[in-house]
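Visitor: just to be clear, the model below is a prediction. Sequence and coordinates:
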Amino acid sequence: SSWWSHVEMGPPDPILGVTEAFKRDTNSKKMNLGVGAYRDDNGKPYVLNCVRKAEAIMTSKKMDKEYLPIGGLADFTRASAELALGENSEAFKSGRYVTVQGISGTGSLRIGANFLQRFFKASRDVYLPKPSWGNHTPIFRDAGMQLQSYRYYDPKTCSLDFSGAMDDISKIPEKSVILLHACAHNPTGVDPRQEQWKELAAIVKKRNLLVYFDMAYQGFASGDINRDAWAVRYFIEQGINVLLAQSYAKNMGLYGERAGAFTVICSDAEEAKRVESQLKILIRPMYSNPPLNGARIASTILNTPDLRKEWLVEVKGMADRIIGMRTQLVSNLKKEGSSHNWQHITDQIGMFCFTGLKPEQVERLTKEFSIYMTKDGRISVAGVTSGNVGYLAHAIHQVTK
Amino acid sequence: MAASIFSAVPRAPPVAVFKLTADFREDGDARKVNLGVGAYRTDEGQPWVLPVVKKVEQMIANDNSLNHEYLPILGLPEFRANASRISLGDDSPAIKENRIGSVQSLGGTGALRIGAEFLRRWYNGNNNTATPVYISTPSWENHNSVFVDAGFKDIRTYHYWDAAKRGLDLQGLLDDMEKAPEFSIFILHACAHNPTGTDPTPDQWKQIAAVMKRRFLFPFFDSAYQGFASGSLDKDAWAVRYFVSEGFELFCAQSFSKNFGLYNERVGNLTVVGKDTDNVQRVLSQMEKIVRTTWSNPPTQGARIVATTLASPQLFTEWYDNVKTMADRVLLMRSELRSRLESLGTPGTWNHITEQIGMFSFTGLNPKQVEYMIKEKHIYLLASGRINMSGLTTKNLDYVAKSIHEAVTKIQ
């Protein structure tokens, strides 16, 4: 008999499972609005020009394949911190931060989660917005933390339940951990406005909460990297020493290269060194040291002025196409004769849109129209093109009229 | 502002092997030699990107149909299948019977960690953190941390290195296995034991397997040097394949860091051998969940290079050739070092230098002698006396041999 007879079959991952079901579908009109990977207006993956140029530079340099340090490529981690914090940031200039390279957003979040489990003795509780990215919960749980939530999304208005959020956050026990999406909230696309961010900063400061930002879409949300990092920078300016996970999967299209970074803002540079030494102790038994390729591409782009300029244009291009598709979806729904209020589709920001569709409606979209999305009604707007937005509007109208 | 929540975070000691390289870099002495970290060096003392890797990378760069999309959670299918095939053999009964699984991982370390996390959750009951995990004395120092961080509470050692006779303490090893609680997990080095370079012979492996089978002990192989050790992929995989032929269910964590020279691309594979397809499928489904919260999905670049190479008969032959180049140079350095020490009349016996296998040699130098080597001779090696054979070159052989001679004769 086997050692594994009692091992249960794990449920398929809800997000990535959608793509697998999509692949099996033979309907020529099928649409994949599941996983959040950007597509161009032809529905194709988009390799950024600045990425191709960076790769050409790398190939010409004929570099060796020697191990990176445990904390990753220094040019990359420094540029990553500067991108998030801003070159004029006091925290950045004073060196009172540590940034380590992580395996894209997931790996960066996990390093931080493990760090909290080991060194943040004040609390085991991590407060997530309701809803949050599906993988947040198992990441923190596997790291040994406990999950709680605060109100965030209002399904009645398909927008932010700000008073609910403020109410819940004001009751979070002191010294708990609170996770915030820096921009382009996943899955809802609902972000606080700047005045609301200011109030959030005040309340977390008052409650003495440890703030953990997840920033997976800097530049990708509004098209402006500074605007998308505004909340992170504001919190730090208010004296809140945050934790931050960054991903370059979407904003540089580096998905499979796994480029990301984890940052801890510290009291001073000496503390940052101590924290860094402990992060390395956590990383070494996970995978020893990080993969070079994606970090090198990102570093080349961020540190080469021409390529950085080109990147800013390209990331704005992606953001603009998404915004354009939102507008077209709403106008097409109106054309279909839908009487519902679809304003939230254009109010929301980033790759995802919480349509407000119910699970039964989502199931119909999949079964009758071969349109694939997660059953919470989330669509990846990146999967919408000028070629299929009409079909999508038609299908949504059919299941909601 | 309130005191920092991190004010109590202590400074952790640096990982020894990386500190050694850092110290080496800062050393201004022209004679300096780095025999520390385990990465291959050419006879010019330079890192070596394998010619076949350069070729395949160019192919990848020229292929405009390739993009940077996410890989599946378990990794690139062509990589996974070929990587496991390399370890288990083309004619493996386990592959024919469709009872193997593979998880592309971040290097050998990542493969070990995924396997360890899975075992902690699902082996010997559910979430049984008390299952003893046995690691050889000595072993790669990170083995301990991997299993501790995966949640195991009872990490033990098994006898391995006999310092007096500078060889394998087989009896001690077998005794430990006899005494180990049933179902204990044993970390076995598939070949080129790190740090001792001392492997069991096929006969000795048979004895080990017999005890493990009788006592229901779980074999978790660490295979970081396949091909690199002897120059033969089959020879270096003999132990793993023997265990499979004896009907064991096992894990094998494979690294392609050394044998493909792909260190910083983090290319590894966890091979799972089970009793049947159904069991393996369920195991993989649970490993997927573990991967998803650790790194979501693995990096593409290294896996593409390895998959492309292994899948093409022509490229595979070129790769095999490159691997043999590395293995042969290491073998040459072993025989050259030994003959110099014997010519110098350095006290002690030095046949272990050529009898040991792989990248490392356990010289037998004690910590004081090692300190002498570093401080007085600017030759960097680990306090355990472990040297990286590929840090030796025709240019530095004489200096290293003379220095070892001095250390052994001057310091006790």
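Guide: Yes, it's here.

Visitor: any part of stretch A:317-327 near chain B?
Guide: No - using CB under 8 Å from any CB of the partner chain, stretch A:317-327 stays clear of chain B, with a minimum separation of 13.9 Å. For every residue, glycine as well, the C-beta is placed using N, CA and C.

Visitor: show me what counts as buried in that stretch.
Guide: A:318-319, A:321-323, A:325-326 (16 or more other CB atoms under 10 Å in any protein chain shown).

Visitor: please look at B:Arg338 and B:Gln356 and confirm they touch.
Guide: No - using CB atoms under 8 Å, B:Arg338 is not in contact with B:Gln356; the gap is 10.3 Å.

Visitor: so between those two, which is more surrounded?
Guide: Under the neighbour definition other CB atoms under 10 Å in any protein chain shown, B:Arg338 and B:Gln356 were set side by side, and B:Gln356 has more, 23 against 19.

Visitor: chain neighbours aside, what residue packs nearest to the more buried one?
Guide: The shortest distance from B:Gln356 to any non-neighbouring residue, by CB to CB, 6 or more residues apart in numbering or on different chains, is to B:Gly197 (3.1 Å).

Visitor: that neighbour against B:Gly364, yeah?
Guide: No - at 11.6 Å, B:Gly197 and B:Gly364 do not qualify as touching, with contact defined as CB under 8 Å.

Visitor: just give the nearest non-adjacent residue to the residue nearest to the spatial centre of chain A, would you?
Guide: In chain A, the centroid-proximal residue (CA atoms, centre = their mean) is A:Ala216; its distance is 2.9 Å. Counting by CB to CB, 6+ apart, A:Ala216 lies nearest to A:Ser247, which is 4.2 Å off, once chain neighbours are set aside.

Visitor: what residues does that neighbour make contact with?
Guide: A:104-105, A:108, A:215-217, A:259-260 (CB atoms under 8 Å, 6 or more residues apart in numbering or on different chains).

Visitor: domain ranges for the chain, per the record?
Guide: Using chain A. Taking the TED database as the reference, chain A has its domains at A:14-46+A:320-399, A:67-303.

Visitor: wrong chain, I was asking about chain B
Guide: B:16-48+B:328-410, B:77-311.

Visitor: let me know which of those domains is the nearest to A:Val204.
Guide: Closest to A:Val204 of the domains of chain B, according to CB to CB: domain B:77-311, at 25.5 Å.

Visitor: okay, helices next: where are they in the stretch 1-150 of chain B?
Guide: B:16-26, B:51-62, B:77-88, B:93-96, B:107-122, B:142-149 (DSSP state H, counting those that start in this stretch).

Visitor: again, but for the stretch 151-300 of chain A
Guide: A:162-169, A:194-206, A:225-228, A:230-237, A:269-287, A:292-303.

Visitor: which one of those helices lies nearest to A:Ala113?
Guide: That would be, of those and by CB to CB, helix A:269-287, which comes in at 9.9 Å.

Visitor: which of the helices and strands in the chain ranks last by mean pLDDT?
Guide: Answering for chain A, as no chain was given. The weakest-scoring helix or strand in chain A, judged by mean pLDDT, DSSP states H and E, is helix A:14-24 (a mean of 82).

Visitor: think we crossed wires, I meant chain B
Guide: Scanning chain B with mean pLDDT, DSSP H and E, the lowest is helix B:16-26, at a mean of 87.

Visitor: so is that helix next to chain A?
Guide: Yes - judged by CB under 8 Å from any CB, helix B:16-26 comes into contact with chain A at B:Phe18.

Visitor: which other helices and strands does that helix contact?
Guide: Applying 3 or more CB pairs under 8 Å, 6 or more residues apart in numbering or on different chains; DSSP states H and E, one finds that helix B:16-26 contacts strand B:33-34, strand B:379-380.

Visitor: compare these and give me the one nearest chain A.
Guide: Across these, chain A has its closest neighbour in strand B:33-34 (11.9 Å, CB to the nearest CB).

Visitor: what pairs with that closest one, parallel or antiparallel?
Guide: Paired neighbours of strand B:33-34 in the sheet (DSSP bridges): strand B:379-380 (parallel).

Visitor: for the following helix or strand past the strand it pairs with, name the packing helices and strands.
Guide: Sequence order places strand B:386-388 as the next helix or strand after strand B:379-380, per DSSP states H and E. The contact analysis (3+ CB pairs under 8 Å, 6+ apart) places strand B:386-388 against strand B:360-362.

Visitor: put together CSV for the helices and strands packed on helix B:16-26, with distance to A:Ala184, mean pLDDT and mean neighbour count on each row.
Guide: Listed next are the helices and strands packed on helix B:16-26 as CSV, based on distance: least, CB to CB, whole Å; pLDDT from 0 to 100; neighbours: other CB atoms under 10 Å in any protein chain shown:
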stretch, distance to A:Ala184, mean pLDDT, mean neighbour count
strand B:33-34, 46, 96, 24
strand B:379-380, 48, 97, 24
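
Visitor: give me the angle between the least confident helix or strand of chain B and helix A:269-287.
Guide: 120 degrees (axes from the mean of the first three to the mean of the last three CA atoms, to 10 degrees).

Visitor: which parts of helix B:16-26 are buried?
Guide: B:17-18, B:20-21, B:24.

Visitor: how about stretch A:12-22?
Guide: Buried residues in stretch A:12-22 (16+ other CB under 10 Å): A:13, A:15-16, A:18-19, A:22.

Visitor: pLDDT on stretch B:176-186, on average?
Guide: The pLDDT scores in stretch B:176-186 average 98.
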